[in-house]
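Undergrad: with the input below, show me the fold.
(chains A and B)
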Amino acid sequence: MATMNAVLFFSFLLFAIGCAGMLVRRNALVMLMSAELMLNAANLNLIAFARHSGTVTGQAFALLVMGFAAAEVAVGLALVVALYRRKDTVNADDLNLLKG
Amino acid sequence: MNGFAAGLWESLVSGSKLIWPQIFLTFAATVMLWPADLFVEKARKHVWAPITMVILALTGALIYLTEPGVGFSDMYKVDGLTKGFQALIVLAAFLAVMLSQKLLDALREQTVEYYALILFSLVGMLTLVGATDLMTVYFSIELMAICIYILVAYLRDQNRGVEAGLKYFLLGAFSSGILLYGMSLVFAAVGGVTTNLAELNRLLPVVPQSSSLLVFSGVLMVLVGLCFKVAAVPFHMWSPDAYEGAPTPITAFMATAPKAAAMGAFLRVFGTGFAGVSSDWMLPLSYVAGASMILGNIAAVRQQTMKRLLAYSSIAHAGYMLLGVLGKGVDNAQAVWLYLLTYLVMNTGAFAVVIILQGKGEGERIDDFRGLAKRRPFLAFAMMMFLLSLAGIPPLVGFFGKFYLFKLAVESGLTTLVVIALVTSAISAFYYLGVVNQMYFKEPADLPEGAEPEVLSTGMTLIVGVTCVLTLVGTLAGPWLVNTMFRITWI
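TA: Model prediction:
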């Protein structure tokens, strides 16, 4: 069980780094990477516990998540490019037209 | 063929009869994108709107014909809840497409992708309300959300559109990370054996003491992820911006269809999957519901634009609907469905009026409604009915939905929250009546010559007329509505 606790600790660390990145960094590209880090933290849990219990559910889940992460990044990068074309910036603090 | 492949094939064949609506939608949208779009000239892209409406009508028929059942190794289930929410979602999409046609013409932004993306996001939503496995829940939420990120940023030549899309995307990616991490923690807590909701419900209450922290944090994170999707306070910050920056028909769509889908997921995940550990999530969720009602309604008071006002009002409405999740039980799910149906009618009507008035995209300030009763008496009357109905004033249909929901919530012992709901409903009447005041008791602003909007069409008039009539006399259809509502069951 000690190893499982280590996995949980490590994945929590990854998740915390991802969360902190989302909240602290203002560069849209870095925020995108942080979101990926959060997904990978979850993947780590899924794979480790699937291996621990000897079932495949978690591994299938992790594969699916990877596919969706790729799709999400594609859309995210497209949006960042659209923003860069209009405003010459990828800084999230410059998104200040909409307020209230 | 080896055993694994044979089993997979058999499960696909036996399960596929449950997802005919989704299969049909995916197929139709793909054919629309390629090759059908090659044969439509650039000037005639508007034909895609009626075609999409036909596809949606056929999807509705398929949903009606689908037999209840369970498939794909218990990952997807068709029951009364699934079918009821699917019908709502398809109806919302149908209305959104009807609203889109003229506006996109006026903006010269007709493309096939717009309609195809609506259909693809619909596939996600239809699957989401039938999902009985965390895996299905996650991937249908993602499918729905990814399509909607693109639709929000659809007007990519406007700064607001891109900004709204990127904001929504970043917060959406953040929330889906939290949702997935929560799911992985729940999965870890039960020892990594299952993600099925029914199984989880059996295993979660009996996990060893050492894992109870995992269960608690996992359930809480799933709660946060879903609250993002229904835009409940304090996870609502994306919604006013996304609502304002998106093309208005997409705003109308976002306020109804994804919200209905996420509410269906809420009812399913927390009503069946996490029901056994309800002590973990009841208190946080009731705080979220109360905060949504209070903050949504209070923040709406000082809004200057109609779209933001409706955004905050939809946050408040999400708070009311969460009462149904908190109440647990089938009858509360039925009340949520009824509430969503009435909300769909009045909300679509209100957005239709906004679209007609806003013309080519700008000018949706509340000041623009000044003196509307003199210029457009019918529109002003319809708008007044929608707003009063959103405030829940009897005998309009909004009151009917609210009454049912609150009555059941009181019976489930949520008295404090219902008191908050009633007080905030009174506050909401204040800002809704503020718009009515602008329309009826203020002089119209001087409009420059030729500034009359161009988005009036038979379809738009039809939507405003029909939704207005439904808002007025919907309560008379009460017995029928209640009868239909009773079909919203877990099998």
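Undergrad: distance between the helix or strand harbouring B:Asn297 and the chain's centre?
TA: Applying DSSP states H and E as the criterion places B:Asn297 in helix B:278-301. Centroid separation between helix B:278-301 and its chain, computed with Cα atoms, centre = their mean, to the nearest Å, is 18 Å.
Undergrad: where does pLDDT dip in chain A?
TA: Within chain A, the ranges that satisfy pLDDT under 70 run A:1, A:100.
Undergrad: remind me what the helix holding B:Asn297 packs against, helices and strands.
TA: Where contact means 3 or more Cβ pairs under 8 Å, 6 or more residues apart in numbering or on different chains; DSSP states H and E, helix B:278-301 is packed against helix B:212-230, helix B:306-327, helix B:415-441. C-beta coordinates here come from the backbone N, C-alpha and C atoms, glycine included.
Undergrad: that one vs helix B:306-327, what angle?
TA: 160 degrees (axes from the mean of the first three to the mean of the last three Cα atoms, to 10 degrees).
Undergrad: how about the helices and strands packed on helix B:278-301, which one is nearest chain A?
TA: helix B:306-327 (5.7 Å; Cβ to the nearest Cβ).
Undergrad: does any part of that closest one sit near chain A?
TA: Yes: Helix B:306-327 is in contact with chain A by Cβ under 8 Å from any Cβ of the partner chain, via B:Arg308.
Undergrad: how big is the angle separating the helix or strand just after that helix from helix B:306-327?
TA: Once helix B:306-327 ends, the next helix or strand along the chain (criterion: DSSP H and E) is helix B:329-358. On the basis of the same axes, to 10 degrees, helix B:329-358 is oriented at 180 degrees to helix B:306-327.
Undergrad: after helix B:329-358, which helix or strand is next?
TA: Immediately after helix B:329-358, counting by DSSP H and E, sits helix B:372-375.
Undergrad: packing partners of that following helix?
TA: Partner elements for helix B:372-375 (3+ Cβ pairs under 8 Å, 6+ apart): helix B:377-391, helix B:415-441.
Undergrad: turn the ones you listed into JSON lines, columns for mean pLDDT.
TA: Formatted as JSON lines, the helices and strands packed on helix B:372-375 follow (pLDDT from 0 to 100):
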{"stretch": "helix B:377-391", "mean pLDDT": "93"}
{"stretch": "helix B:415-441", "mean pLDDT": "94"}
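Undergrad: determine the three-state secondary structure at whichever residue of the stretch 1-150 of chain B sits closest to chain A.
TA: Closest to chain A within the stretch 1-150 of chain B is B:Glu142: 4.6 Å, counting by Cβ to the nearest Cβ. Following DSSP: H, G, I helix; E, B strand; the rest coil, we place B:Glu142 in the helix state.
Undergrad: just the element for the residue lying closest to it once chain neighbours are set aside, please.
TA: Computed as Cβ to Cβ, 6 or more residues apart in numbering or on different chains, the closest residue to B:Glu142 that is not its neighbour in sequence is A:Phe68, at 4.6 Å. Under the criterion of DSSP H and E, A:Phe68 resides in helix A:57-87.
Undergrad: how far off centre is that helix?
TA: 9 Å.
Undergrad: buried stuff in it?
TA: Across helix A:57-87, burial judged by 16 or more other Cβ atoms under 10 Å in any protein chain shown covers A:57-58, A:61-62, A:64-65, A:68-69, A:72-73, A:75-76, A:78-80, A:82-83.
Undergrad: tell me the contacts of B:Gly465?
TA: B:Ala382 (Cβ atoms under 8 Å, 6 or more residues apart in numbering or on different chains).
Undergrad: helix, strand or coil: sort out it for me.
TA: Going by three-state DSSP: B:Gly465 is helix.
Undergrad: what helix or strand is residue 11 located in?
TA: Assuming you mean chain A. helix A:2-24.
Undergrad: wait, chain B was what I had in mind.
TA: helix B:3-16.
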